[in-house]
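*Asks:* Sequence below, structure please.
(chains A, B, C and D)
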Number of protein chains: 2
Amino acid sequence: MLEARKPTSIEDVDLDVLEDTLSFYVRTMNIAVSRDLDERLDGLDVARGTGKITTLLLVDSHPGIRPSVIAQIIMKDRSAMGRLIEQMIDHDLLTRQTSARERRAHELFVTAKGAELAARIRPIVTQQSKDFFSFIAQEEQAQLMDILRRAYRKLVGMS
Amino acid sequence: MLEARKPTSIEDVDLDVLEDTLSFYVRTMNIAVSRDLDERLDGLDVARGTGKITTLLLVDSHPGIRPSVIAQIIMKDRSAMGRLIEQMIDHDLLTRQTSARERRAHELFVTAKGAELAARIRPIVTQQSKDFFSFIAQEEQAQLMDILRRAYRKLVGMS
DNA sequence: AATATTAGTTGCATTTGTCCACTATTTACC
DNA sequence: GGTAAATAGTGGACAAATGCAACTAATATT
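*Replies:* Take a look at the predicted model:
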């Protein structure tokens, strides 16, 4: 009888077809990296969910940028983007005004508090990514970055 | 006056520090690939959210596997895992029974319907990943897979 | 002028995630 | 052997995020 065999443990699980499926790895890595990032940003007004960080940094470095452009960059639809901005305005990180030349569009700007927060999270975000992926060799990190960057740019139509 | 310049468009946006941040790319790629996958699985009982697919395939190829093992693999906590399983049992994809040797643990099995669905989604999942990343050169895909696979294994403690 | 497109908003239904407390069972320790 | 600690799973509450579709307003097209 083989009844007494160890219960399946994570060591001896194979991942079926997912073993060779890029999307699986991207999805799981995302969970892990996002969770880790959230911890580091805990209490900082930009924690949780994709988008707040990008939005803040983008508005900070591109004053007057429009919601729809950010939406493309972070791959959200306009409604999700709108809500995100609303939230950040409530938190006094951004301001919004109607564009003069294009009155259906909005222009976004950071508040003093927003600028301060942007300055504060920039190093955190950079460091988090470095730390999180530090178990991958430098050279491979560079490869990974290179591939993903180009992939991303193609996806959002950046050239 | 430079007042008349084009409104910032996605072409001329730079991503600030995110440009060199792996976590940014992982997070955005995740959004894109997940969305695409959901489309392909539309109506199939396993669409939306991470976990259903992995759970189904894992239970299918490891009969008797326990929820906590799957939870580790897909990086969910036990309560989220429980709900996922509950849902799949409701949909008649899985069955659950208490382990004889370890009475606090459960053993999971696929139903006929579950096995059928597993067989059906396997090629879809594989193909989706292939297609989605097809704009990346084969060699780079292999690199990416190799790096991510090892990264993943380290994260969940598989090696 | 009529129509189509684009920007943004709003409401709604569905999910998801997280945190925490709780039970049951097994293992460790004295 | 008996108490304490760890492990597996459940259930509830709550906060967010997601996606969809309908709607207004402004601009572009023809």
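*Asks:* make it CA atoms for all contacts and neighbour counts henceforth
*Replies:* Noted.
*Asks:* So which residues on chain A come close to DNA strand D?
*Replies:* Proximity of chain A to DNA strand D is confined to A:48, A:49, A:50, A:76, A:77, A:79, A:80, A:84, A:101, A:102, A:103, A:104 under the rule C-alpha under 7 Å from any atom of the strand.
*Asks:* pLDDT averaged over stretch A:68-87 - what is it?
*Replies:* In this model, stretch A:68-87 has a mean pLDDT of 93.
*Asks:* Any part of it near chain B?
*Replies:* Yes - shown here: stretch A:68-87 in contact with chain B (C-alpha under 8 Å from any C-alpha of the partner chain) through A:69, A:72, A:73, A:74, A:75.
*Asks:* With adjacent residues omitted, what lies nearest to residue A:31?
*Replies:* Nearest in space to residue A:31, with sequence neighbours left out and distances taken as C-alpha to C-alpha, 6 or more residues apart in numbering or on different chains, is residue B:75 at 7.4 Å.
*Asks:* check contacts around that neighbour.
*Replies:* For residue B:75, the contacting residues are A:28, A:31, A:32, B:156, taking C-alpha atoms under 8 Å, 6 or more residues apart in numbering or on different chains as the criterion.
*Asks:* Can you show me the helices along chain A?
*Replies:* Secondary structure of chain A (DSSP state H): helices located at A:22-40, A:52-61, A:67-74, A:78-90, A:112-132, A:138-156.
*Asks:* Throw these into JSON lines and include distance to DNA strand C and mean neighbour count, thanks.
*Replies:* Output for the helices of chain A, formatted as JSON lines (distance: least, C-alpha to the nearest atom of the strand, whole Å; neighbours: other C-alpha atoms under 10 Å in any protein chain shown):
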{"stretch": "helix A:22-40", "distance to DNA strand C": "6", "mean neighbour count": "20"}
{"stretch": "helix A:52-61", "distance to DNA strand C": "12", "mean neighbour count": "23"}
{"stretch": "helix A:67-74", "distance to DNA strand C": "3", "mean neighbour count": "21"}
{"stretch": "helix A:78-90", "distance to DNA strand C": "4", "mean neighbour count": "16"}
{"stretch": "helix A:112-132", "distance to DNA strand C": "16", "mean neighbour count": "16"}
{"stretch": "helix A:138-156", "distance to DNA strand C": "14", "mean neighbour count": "16"}
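*Asks:* For residue A:71, see how far away the spatially most central residue of chain A is.
*Replies:* Residue closest to the mean C-alpha point of chain A, counted by C-alpha atoms, centre = their mean, is residue A:50 at 4.5 Å. Remark: distance between residue A:50 and residue A:71 (C-alpha to C-alpha, to the nearest Å) = 11 Å.
*Asks:* Any regions of chain A where pLDDT drops low?
*Replies:* Counting by pLDDT under 70, chain A contains low-confidence residues at A:1-8.
*Asks:* hang on, the earlier thing: hmm, the residue nearest to the centre of chain A is touching residue B:25, no?
*Replies:* No - with contacts counted by C-alpha atoms under 8 Å, residue A:50 stays clear of residue B:25, the gap being 11.2 Å.
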